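Q: sharing a model that was predicted from the sequence below.
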Amino acid sequence: MIRDDFRKYLCPTSGSPDGLEVASALGCWITDAAGNRYLDWLSGISVCNVGHRHPEVLRAIREQAEKYLHVMVYGEYVLEPQVAYARALCEIAPMPQPQVFFTSSGAEAIEGALKVARKHTRRKRFVAFEGSYHGDTFGALSITGAAGMRAPFEPLLETGFLPFGWEESLAMIDDRTAAVVVEPIQAEGGVRVPPAGFLKKLRSRCDETGALLIMDEVQTGLGRTGAMWACEREGVKPDILVLAKALGGGMPLGAFVAGLPLMFTLSVDPPLSHLTTFGGHPVSCAAGLAALNVLRGQDLARHARELGTIAMNILLGLKRAGEIADARGAGLLLGVELDSTDRAEIVVRACRHSGLLVGTALHDPKTIRLVPPLTMTDDELVRGLDIFTAAITETR
């Protein structure tokens, strides 16, 4: 019955949804309605960095829910969970004088960042990268580097697209550019890691032309790549940092973070230049702060780095053996490229049959993305790798 209602009453996003009927989730595991348990290496697409239903997150949700839920649009009333979480994020933000604007999602955060860039620079043009993904609202879609996704909705914002990681193309950034939007590692693009030094040269080119640098860390942030922010791996400081996914500890939450001079742009000429009703929901902020405290208290970025190194060594062994085309990534954001989309789909199905949930990248469906919770244990890593390698070798 519920499967019939799923197809009847919910708007479909594809013709072939996964269809896993979830009964419960805890830690790194999901249990379906039939009682089957799956090791979850999708994490809600990099959402569950501290695992499903972490006890500290649940405690924060319960405590806040007993006080109040929504009371007023964001930025009007003083809500302790918002203030506490903003302060904690500003303490670790990679720019001077940071301020936080909370939103409900990553796409909404991207929209806010684009508005700041346009209003501050008074320029119209944006630059982004081929293979990028920044969301599906009109502004976010405008800077998403997949022509097939943009085409049905054009005309969109004026955006130039550059090859990701190609330094020679940075000359296309000029004094007409309001901002350059980049993922430090392209997740939906197939877990593409730029060459060393590329982000630094991008930062320099933005400085030369007066363009702002917007770093989209929706998937890469909060410890996922083995550092709090992936841009830290090259010591690059963005003008605007965009966050979501793991930001809410499993609850819906996004944010963009920038220095005070930039953020002040939104409060004048006219005031209320950007508003949100549910952004920074007090329960989401309480959950997110609890998750951040777990992340920092347990040094999960280091844990992700260590487990990611073990996993990458295994995956590179498969590459040397000719079983896969490539393995790449950082921390626990890993991509395994196969020789075809069909083969990747077969491996994904084989993994699920054996109790491991993985999926392919949106813009590169021949690449399987591995994004387990950062709380994964050594035993869970071994178990998952055993299932994954067996699926690779047994489906040749």
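A: That came through fine.
Q: can you give me the end-to-end distance of stretch 96-112?
A: Start-to-end span of stretch 96-112 (C-alpha to C-alpha, to the nearest Å) is 19 Å.
Q: measure how far the helix-or-strand element of the chain with minimal mean pLDDT is from the centre of its chain, please.
A: In the chain, the helix or strand scored least confidently by mean pLDDT, DSSP states H and E is helix 2-9, which has a mean of 88. What separates the centre of helix 2-9 from the centre of its chain is 29 Å, taken as C-alpha atoms, centre = their mean, to the nearest Å.
Q: okay, now the domains of the protein?
A: As given by automatic domain parsing, the domain ranges for the chain are 2-54+299-394, 56-297.
Q: most tightly packed of those domains?
A: domain 56-297 (a mean of 20; mean count of other C-beta atoms under 10 Å). Glycine gets a C-beta too; all of them are placed from N, C-alpha and C.
Q: end-to-end on it?
A: 12 Å.
Q: any idea which helix is longest in this structure?
A: helix 300-320 (DSSP state H).
Q: helices or strands up against that one?
A: strand 326-330, strand 333-337, helix 378-394 (3 or more C-beta pairs under 8 Å, 6 or more residues apart in numbering; DSSP states H and E).
Q: and with 10 Å instead?
A: helix 282-297, strand 326-330, strand 333-337, strand 367-370, helix 378-394 (3 or more C-beta pairs under 10 Å, 6 or more residues apart in numbering; DSSP states H and E).
Q: gap between it and the chain center?
A: The answer for helix 300-320 is 20 Å, by C-alpha atoms, centre = their mean.
Q: next: stretch 70-89.
A: 22 Å.
Q: mind checking the end-to-end distance for that stretch?
A: End-to-end distance (C-alpha to C-alpha), stretch 70-89: 22 Å.
Q: ok, now stretch 262-277?
A: End to end - C-alpha to C-alpha - stretch 262-277 spans 22 Å.
Q: run through who's touching the helix or strand following the least confident helix or strand of the chain.
A: Per DSSP states H and E, the first helix or strand lying C-terminal to helix 2-9 is strand 22-26. With C-beta atoms under 10 Å, 6 or more residues apart in numbering as the test, strand 22-26 has contacts from 30-38, 40, 44, 48, 51-55, 250.
Q: over to stretch 70-82?
A: By C-beta under 10 Å, 6+ apart, stretch 70-82 touches 60, 63-64, 67-68, 85, 100-104, 266-267, 272, 274-290.
Q: cutoff 7 Å now
A: With contact meaning C-beta atoms under 7 Å, 6 or more residues apart in numbering, stretch 70-82 is reached by 64, 102, 275-282, 285-286, 289.
Q: now do that stretch, average pLDDT.
A: Stretch 70-82 shows a mean pLDDT of 94.
Q: and the closest residue to residue 259 other than its chain neighbours, how close does it get to residue 382?
A: Spatial nearest neighbour of residue 259, excluding adjacent residues (C-beta to C-beta, 6 or more residues apart in numbering): residue 97 at 4.7 Å. Taking C-beta to C-beta, to the nearest Å as the measure, residue 97 falls 45 Å from residue 382.
Q: could you do residue 50 as well?
A: From residue 50 to residue 382 the distance is 21 Å (C-beta to C-beta).
Q: before we move on, what about residue 339?
A: 26 Å.
Q: before we move on, what about residue 270?
A: Taking C-beta to C-beta, one finds residue 270 at 57 Å from residue 382.
Q: same deal with residue 305?
A: Taken as C-beta to C-beta, the span from residue 305 to residue 382 is 17 Å.
Q: just residue 275 next, same as before
A: 48 Å.
Q: swap in residue 55?
A: Using C-beta to C-beta, residue 55 is found at 24 Å from residue 382.
Q: what residues does residue 318 make contact with?
A: Residue 318 touches 324, 389, 392, counting by C-beta under 7 Å, 6+ apart.
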